[in-house]
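**Student:** Please work out how this folds:
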Amino acid sequence: MVREELDRVLASHDFQASKLCQSFLRYVVESALNGHTDGLKERTIGIEVFGKPTSYDPSEDAGVRVKAGEVRKRLRSYYSNQPADAKVWIELPSGTYVPEFHLFKRAEQPTPSKPWVRSWTFLAISGTGLLGLALAAFFFLRPHPAADALDQFWSPVLQSHQAVFVCTAPVPVYSDVRNSGGENPTRVEDFVLIPNRFVAVSDVNSATQIAEMFSRMGEPYKLRIGNDVSFRDLRAAPAVLVGFSYTQWHEIGEHFLYSIDLSHRPFGVSQDGALTNWTIKTHPDDPELNEDYAIVSRVYYPGTNSIIVEITGISHYGTEAAADLVTNAALLQEALRRLPAGWQQKNVQIVLHVEVISGSPSVPTVVATHVW
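**Tutor:** Residues are numbered from 1 along each chain as shown. Reported below is the predicted structural model:
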């Protein structure tokens, strides 16, 4: 059943355009089915699927992590269309390269009714009525995480019915342009800031993930990458600002209760300007980073006279995990349990802790919230 579902997935529109994504997914699924999950590591996949040399070092090449994120997005897109032939749901959870397989539970088809004896007619009608009332009560009273969590969080952003800006900002990159030939020893003063030229792959992936969610919800949006949006543009409509702590959006978040503090080491989350214990032990760009923190802020911002959602991590791992949270109904519902009653129409901040496993962010956990 899993292999049949895999063939359908790989033949779908979501995967046809990328042979590497097809190879990636087939490799991890077949490895799992054959009981070789211990070998599903970043380095092994890089060598076996990507054709990397045996000297391949995942800490210096994020290609496998980036492609894994793309595969996850393509799977979400495929299953969001609720394929009728699917009997198994293939999932690649964040933080691992080991796929999971879940059986779809579909309602049984009704069987043709048989003639009933007249004396049973009243009982049958009564029983049907009582069953209908019971089912109505069950569906009315049970929680609806898939719809409610996303709707409740995003409702203030979408209630204007304007197209939401989904934005990523450029990251600062320095280049040794004055010594491009390499004839002289490298000096700090030779490095020049290259503005508005580069964006982080993780930021683009996260912004695309949010845009895809709006598309599934039938909500209009405008995706803006790099410097393709100005602060003046943000006055025209609600905006989702995606970017880890190096980007220009950091200046907006500095005025909130919780913000990312890079002014001194250790880098971490500050509360009312004072550094908390939520810090990382090294630099955000360190390939050996094993944990991160992120902040999700949904705030009415006076500077733009509209709602802004800011999604930022100390490093890109935190940003990716925060984007997963705000687009995943189950994860979001669990986070929203921490908020007090009446939060839906108020400003909200959620501080997240993220473990980094094998170069990928794990499912984030909530460490603090603030509502005002």
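
**Student:** ok, which stretches of this protein are helices?
**Tutor:** 2-10, 13-16, 19-33, 42-48, 63-80, 121-141, 145-158, 201-217, 250-253, 316-327, 329-336 (DSSP state H).

**Student:** Switch those over to CSV; also include distance to Pro170 and mean neighbour count.
**Tutor:** Bear in mind the C-beta positions are built from the backbone N, C-alpha and C, glycine included. As requested, these are exported to CSV (distance: least, CB to CB, whole Å; neighbours: other CB atoms under 10 Å):
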stretch, distance to Pro170, mean neighbour count
helix 2-10, 35, 16
helix 13-16, 29, 16
helix 19-33, 27, 18
helix 42-48, 28, 19
helix 63-80, 19, 19
helix 121-141, 48, 10
helix 145-158, 24, 17
helix 201-217, 10, 20
helix 250-253, 12, 18
helix 316-327, 14, 27
helix 329-336, 28, 18
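
**Student:** Nearest approach to His264 belongs to which of those helices?
**Tutor:** Counting by CB to CB, His264 lies closest to helix 250-253 out of those; the figure is 14.9 Å.

**Student:** mean confidence for that closest one?
**Tutor:** Across helix 250-253, the average pLDDT comes to 66.

**Student:** Now for the closest residue to Val269 other than its chain neighbours, how many residues are close by?
**Tutor:** Using CB to CB, 6 or more residues apart in numbering and skipping residues adjacent in sequence, the residue nearest Val269 is Trp278, 4.2 Å away. Counted with other CB atoms under 10 Å, the neighbours of Trp278 add up to 23.

**Student:** what's the weakest-modelled helix or strand in this protein?
**Tutor:** helix 121-141 (a mean of 47; mean pLDDT, DSSP states H and E).

**Student:** ok so, going back, hey, least reliable of the helices of the chain by pLDDT?
**Tutor:** helix 121-141 (a mean of 47).

**Student:** now the strands for the stretch 201-350 of the chain?
**Tutor:** Taking DSSP state E, counting those that start in this stretch as the test, the strands found in the stretch 201-350 of the chain are 221-224, 239-242, 258-261, 268-271, 274-279, 291-301, 306-313, 348-357.

**Student:** mind giving me a markdown table with those and columns for mean pLDDT and distance to Phe24?
**Tutor:** Formatted as a markdown table, these follow (pLDDT from 0 to 100; distance: least, CB to CB, whole Å):
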| stretch | mean pLDDT | distance to Phe24 |
| --- | --- | --- |
| strand 221-224 | 89 | 25 |
| strand 239-242 | 92 | 24 |
| strand 258-261 | 92 | 32 |
| strand 268-271 | 94 | 34 |
| strand 274-279 | 95 | 34 |
| strand 291-301 | 93 | 24 |
| strand 306-313 | 91 | 25 |
| strand 348-357 | 94 | 18 |
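
**Student:** Quickly compare those strands and say which is most buried.
**Tutor:** For the strands of the stretch 201-350 of the chain, average neighbour numbers computed from mean count of other CB atoms under 10 Å are highest in strand 239-242, which has a mean of 28.

**Student:** give the contact list for the residue most central in space within the chain.
**Tutor:** Taking CA atoms, centre = their mean as the criterion, Asp324 is the residue nearest the geometric centre of the chain, at 2.1 Å. The contact partners of Asp324, taken as CB atoms under 8 Å, 6 or more residues apart in numbering, are Ser94, Gln209, Leu331, Pro361, Val363, Pro364.

**Student:** again, 7 Å this time
**Tutor:** Ser94, Leu331 (CB atoms under 7 Å, 6 or more residues apart in numbering).

**Student:** ok, so what distance separates it from Ala335?
**Tutor:** 11 Å (CB to CB, to the nearest Å).

**Student:** With distance to Thr369 as extra columns, can I get the strands of the stretch 201-350 of the chain in a markdown table?
**Tutor:** Below are the strands of the stretch 201-350 of the chain laid out as a markdown table (distance: least, CB to CB, whole Å):
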| stretch | distance to Thr369 |
| --- | --- |
| strand 221-224 | 26 |
| strand 239-242 | 19 |
| strand 258-261 | 9 |
| strand 268-271 | 12 |
| strand 274-279 | 13 |
| strand 291-301 | 10 |
| strand 306-313 | 15 |
| strand 348-357 | 5 |
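
**Student:** Can you say which of those is nearest to Pro53?
**Tutor:** Of all the strands of the stretch 201-350 of the chain, strand 348-357 comes closest under CB to CB, at 24.5 Å.
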